[in-house]
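**Q** here are the coordinates; sequence isn't available:
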């Protein structure tokens with residue numbers, strides 16, 4: 001019995017919190033991105049299956065949750081020119097990139113609608129970020145011969161942008 005208590009105590013002391021939520025995650029939904037639990041680092045004690053730490057939540061899982069409910073799978077990829085920009089959408093999370101931020105910045109948004117006819121509303125750097133999609137067969141990005149089934153209007157910090165998107 002004492003060995004089991006010691007094992008649990010060692011496992012709990014080895015756990016640590018993951019870095020806090022991203023800057024653009026709304027504070028109103030703390031359960032949307034629960035803290036990850038680090039794997040214990042020890043060679044002295046083997047944990048029994050009954051005391052294994054729960055698996056860490058993935059970012060994609062948090063992106064698929066809003067107001068305590070699971071969103072339908074929403075996965076789209078958007079592009080625009082003049083100025084160049086791109087979006088990768090996973091549920092309510094939009095990763096927005098442009099030439100000065102090629103890796104992109106994740107924006108936690110409130111989502112409504114569907115992938116082809118939806119609205120994602122959030123903040124990027126303290127300024128409004130709004131992306132709207134609507135069906136538009138043959139949408140052109142203006143630079144290539146590619147055609148897309150969805151048109152996108154994007155507002156970033158007060159600037160209006162337009163482009164196209166496709167389902168991923």
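**A** That came in fine, so what should we check first? Every value quoted in this text rests on a predicted model; they were computed, and no experiment measured them.
**Q** settle this for me: residue 115 is touching residue 71, isn't it.
**A** No - with contacts counted by C-beta atoms under 8 Å, residue 115 stays clear of residue 71, the gap being 10.4 Å. C-betas here are computed from N, CA, C, even on glycine.
**Q** can you map out the helices along the protein?
**A** 2-14, 59-63 (DSSP state H).
**Q** check those for me: which has the lowest mean pLDDT.
**A** Mean pLDDT per stretch puts helix 2-14 lowest among these, at a mean of 37.
**Q** ok so, going back, residue 115 and residue 71 - which one has more neighbours?
**A** When neighbours are counted by other C-beta atoms under 10 Å, residue 115 and residue 71 differ, and residue 115 comes out ahead with 18 against 15.
**Q** let me see the contact set for that one.
**A** Under the criterion of C-beta atoms under 8 Å, 6 or more residues apart in numbering, the contact list for residue 115 reads 74, 75, 76, 89, 133, 150, 167.
**Q** now do the fifth one against residue 164, distance only.
**A** Think residue 133. 9 Å (C-beta to C-beta, to the nearest Å).
**Q** which neighbours do the two share?
**A** When C-beta under 8 Å, 6+ apart defines a contact, the residues bordering residue 133 and residue 164 alike are 78, 150, 151, 152.
**Q** just send the residues you listed back as CSV, with pLDDT and distance to residue 125 too.
**A** Converted to CSV, the shared contacts of residue 133 and residue 164 look like this (pLDDT from 0 to 100; distance: C-beta to C-beta, whole Å):
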residue, pLDDT, distance to residue 125
78, 97, 19
150, 97, 26
151, 97, 25
152, 97, 20
